[in-house]
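**Q** Prediction below, plus the sequence it came from.
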Amino acid sequence: MAKAKGLEPFKTFASVAVPIDIANCDTDQIIPARFLRRPSTDPDYPRFLFHDLRFNEDGSEKDFVYNKAPYCDGRIFVADINWGCGSSRENAVTALAANGVRSVIAPSFGDIHYSNCIKNGVLPIRLSSADCETLRRQLHDSPGAEIAIDLDEQSLTGPDQTTYAFEINPFDKHRLLNGLDEIGLTLEFDDEISRFAENYNAKHRWAS
């Protein structure tokens, strides 16, 4: 079978976490529309994440949490309700991935954005509003505090060592654990596809 390539498999890890206190943070806030035609290989692509929240017109930095150390090194975001609502732009996730973000924790997600996260190797975790608010408060109180995520066990551990369980569709979990993009998913069936092709050609030699 051909080796399935694509995304980085999601492994158990801990990271500095970033509190994003924006309810209904839409995809245009995550990456403004004027950057959508820029390729993800653009050296400036990481700067497009939260661009208008992070930068003034002259390029200087605003007073935004993701600009500040140690939050700027965070690979986990803890957000508010309805994260990733608005347009369906997949770039909202590729901008996260370009900055090394592997997970967003929120009470709710825009449906298409949630799906785009899965497809691009970013783990969306739903927790209650109260739990997300608690986590964000802890992260504000202790800059540099970490959250640990174990996808296999479907649990995360907050800065105060409280453990939270989360639900995820088994198929989505399989994709993330194995780093499977759309091509990778197809290649999982490479042997079956090859056998079908061989049998089809054997039965329809007259057509060749």
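**A** Thanks, I have it. Numbers count the residues shown, from 1 in each chain.

**Q** Am I right that residue 147 sits in a strand?
**A** Yes - under DSSP: H, G, I helix; E, B strand; the rest coil, residue 147 sits within a strand.

**Q** What's opposite it in the beta bridge?
**A** residue 15 (DSSP bridges).

**Q** And residue 9, which helix or strand is it part of?
**A** Using DSSP states H and E, residue 9 sits in no helix or strand.

**Q** ditto for residue 125
**A** strand 123-126.

**Q** so how far is the next helix or strand after that strand off the chain centroid?
**A** As assigned by DSSP H and E, the chain's next helix or strand after strand 123-126 is helix 129-141. With CA atoms, centre = their mean, to the nearest Å as the basis, helix 129-141 stands 20 Å off its chain's centre.

**Q** what pLDDT, on average, does helix 129-141 get?
**A** Mean per-residue pLDDT for helix 129-141: 98.

**Q** Tell me which other helices or strands it touches.
**A** When contacts are defined as 3 or more CB pairs under 8 Å, 6 or more residues apart in numbering; DSSP states H and E, helix 129-141 sits against strand 13-19, strand 76-78, strand 103-106. Glycine gets a C-beta too; all of them are placed from N, C-alpha and C.

**Q** C-alpha coordinates for stretch 118-127, CSV please?
**A** Taking only C-alpha atoms (Å, rounded to 0.1, in the frame of the first residue of the first chain), the coordinates of stretch 118-127 have been written out as CSV:
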residue,chain,number,x,y,z
ILE,A,118,-10.2,18.6,11.1
LYS,A,119,-9.2,18.5,7.4
ASN,A,120,-6.1,20.6,8.2
GLY,A,121,-4.8,18.9,11.3
VAL,A,122,-6.1,21.4,13.9
LEU,A,123,-8.1,19.8,16.8
PRO,A,124,-11.3,21.7,17.7
ILE,A,125,-12.4,20.9,21.2
ARG,A,126,-15.8,21.8,22.6
LEU,A,127,-16.0,22.5,26.3
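
**Q** quick one on the thing from earlier: list the buried residues in the strand holding residue 125.
**A** 123, 124, 125, 126 (16 or more other CB atoms under 10 Å).

**Q** what sits up against that strand?
**A** Applying CB atoms under 8 Å, 6 or more residues apart in numbering, the external contacts of strand 123-126 come out as 10, 83, 102-109, 113-114, 117-118, 149, 151, 156, 166-168, 176.

**Q** Which of the residues you listed are buried? Put it as a ChimeraX command.
**A** This is the ChimeraX syntax for the buried subset of these, where burial follows 16+ other CB under 10 Å:
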select :10,83,102,103,104,105,106,107,108,109,113,114,117,118,149,151,156,166,168,176
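
**Q** With distance to residue 39 and pLDDT added, can I get the buried residues of strand 123-126 in a markdown table?
**A** Output for the buried residues of strand 123-126, formatted as a markdown table (distance: CB to CB, whole Å; pLDDT from 0 to 100):
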| residue | distance to residue 39 | pLDDT |
| --- | --- | --- |
| 123 | 25 | 98 |
| 124 | 24 | 98 |
| 125 | 29 | 98 |
| 126 | 31 | 98 |
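
**Q** Thank you kindly, that will do.
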